[in-house]
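A.B. asks: Here is a sequence with its predicted model. Questions after.
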Amino acid sequence: MAPRANWKGFLRLSLVTCPVALYPATSESEKISFNQLNRQTGHRIKYLKVDADTGDEVPNEDIVKGYELDKGQYIEVTKDELEEIALESTRTIEIDEFVDKADIDPRYLIRPYYLRPDGKVGHDAFAVIRETIREMDKVAIGRVVLTNREHIIALEPMDKGLVGTLVRYPYEVRSEQEYFEDIQDVKLTKDMLDLARHIVNQKAGRFEPEKFEDHYESALVELINQKRAGKVIRPKERPKGENVVDLMDALRKSVGGAAAEVATSKKPARKPKKASAGQKEMLMPIAGKKPAKEVAAKKPAAGARRKSA
C-alpha cells in the first residue's frame with residue numbers, strides 16, 4: 001500500500017503550474033520502539049491532558065493555543081485567527097530562485113521528501129520544471145507550509161520525480177564561534193600530516209549505505225530475543241579508552257593497522273549479507289502476526305522483528 005501524502009497542492013514556476021503531492025522520503029517505523037508500562041501491573045501508561053492547577057482532565061474541545069507573555073500570563077490565539085494568516089504556500093510551492101547546490105550549508109538541511117505529480121494531469125508541466133532544473137544543474141528554492149509552519153524547500157531532480165529537502169531559517173542555526181573559539185591553535189609537522197594522509201588513502205572508498213549496520217538496533221533485537229527465551233542477561237565488559245601519549249607513535253601504529261585491515265579485506269570471502277536486509281529478518285513471532293518461517297528460525301539471533309510486542 002502506497003504511503004499517504006503529507007501535503008498536496010501545486011508546484012509553480014512563473015506561469016507553469018502542476019498539481020503535486022509530497023511524500024516523506026525517510027521512515028523510522030522499522031526501528032524497534034518501546035511502550036511505557038506500569039512495573040507493578042504490566043499495563044501500558046496512558047497520558048491525560050489535565051489542568052495544571054486543578055488537576056482536572058480537559059476535553060479536546062476546551063483546549064486552545066496560548067502564547068506566554070509573562071509567567072502565567074497568556075494571549076489566547078484561536079484556530080480561526082491562525083487560518084486568517086494562512087499563506088499562499090499552504091497550497092502552492094512557488095519556486096523563487098535557483099542556486100548552486102554547493103551554496104547550501106549542510107547545517108541548514110532538515111529532511112527529504114519525494115515530490116511527484118498528483119493525479120493524471122500536469123505530468124507535462126512537471127516534466128518541464130524537472131528537466132529545466134536538471135539541465136541547469138541547479139537547486140530550485142521555494143516555500144511550503146507543513147504542520148502549520150512555512151518552510152523553505154530545496155528541489156532537485158531524482159529519476160522521474162523531484163526530491164525536496166526542507167531548509168532551516170538562519171535564526172535556527174547556531175553560530176559555530178561559541179563552540180570553536182576555545183580550540184587551541186596547534187602546529188602540526190609535515191611527518192604527522194603525511195602519516196595521516198597515508199591512513200586516509202588506505203581507507204578511501206565510496207559511500208555505500210548498505211554496508212553499514214545499525215549496531216544498536218541489532219543489539220536491541222538480540223536483547224529482546226534473549227529475554228524472550230528466558231536467558232539471564234549479563235552485562236558485557238566495556239572497552240576501556242586509552243589516552244594517546246605519543247601522537248607520532250599512534251599515527252605509525254594506525255598506518256600499520258590500516259594496511260593490515262586493507263589486506264584482510266582483499267582476501268576472497270563469502271559475500272556478506274546487506275545489513276539493512278539482515279536487520280529486517282524475523283526470528284521472534286509477534287502476537288497477532290504470522291509466525292516467522294522455519295528458515296528464519298535457524299538464523300542467528302540478530303534478526304528479530306523491528307517492532308516490540
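C.D. replies: That came through fine.
A.B. asks: Spell out the residue ranges of the helices in the protein.
C.D. replies: Assigned by DSSP state H, the chain shows helices spanning 79-84, 123-136, 177-180, 190-202, 215-228, 247-265, 275-278, 294-297.
A.B. asks: Of those, which is nearest residue 40?
C.D. replies: helix 215-228 (19.1 Å; Cβ to Cβ). Using the backbone N, CA and C atoms, a C-beta is placed for each residue, glycine as well.
A.B. asks: burial of residue 118, as a residue count?
C.D. replies: 19 (other Cβ atoms under 10 Å).
A.B. asks: dump the residue contacts of it.
C.D. replies: Residues near residue 118 by Cβ atoms under 8 Å, 6 or more residues apart in numbering: 5, 8, 19, 20, 21.
A.B. asks: Out of those, which two are the most distant from each other?
C.D. replies: Largest separation among those by Cβ to Cβ: 5 and 19, giving 11.0 Å.
A.B. asks: which sections of the chain are below the confidence cut-off?
C.D. replies: Low-confidence segments of the chain, defined by pLDDT under 70: 1-2, 88-89, 239, 241-245, 258-309.
A.B. asks: Do you have the strands of it handy? List them.
C.D. replies: 7-13, 16-24, 65-70, 73-77, 92-99, 109-117, 139-146, 149-158, 161-167 (DSSP state E).
A.B. asks: Distance to residue 238 and mean neighbour count for those strands - can I get that in TSV?
C.D. replies: Formatted as TSV, those follow (distance: least, Cβ to Cβ, whole Å; neighbours: other Cβ atoms under 10 Å):
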stretch	distance to residue 238	mean neighbour count
strand 7-13	45	19
strand 16-24	36	18
strand 65-70	44	9
strand 73-77	48	10
strand 92-99	46	16
strand 109-117	33	18
strand 139-146	41	20
strand 149-158	41	18
strand 161-167	37	20
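A.B. asks: and residue 176, which of the ones you listed is closest to it?
C.D. replies: strand 109-117 (16.0 Å).
A.B. asks: okay, the angle between that closest one and strand 139-146?
C.D. replies: Angle, strand 109-117 to strand 139-146, by axes from the mean of the first three to the mean of the last three Cα atoms, to 10 degrees: 90 degrees.
A.B. asks: Show me what strand 109-117 packs onto, helices and strands only.
C.D. replies: Counting contacts by 3 or more Cβ pairs under 8 Å, 6 or more residues apart in numbering; DSSP states H and E, strand 109-117 is packed against strand 16-24, helix 123-136, strand 149-158, strand 161-167.
A.B. asks: That one pairs with which strands?
C.D. replies: strand 16-24 (antiparallel), strand 161-167 (antiparallel) (DSSP bridges).
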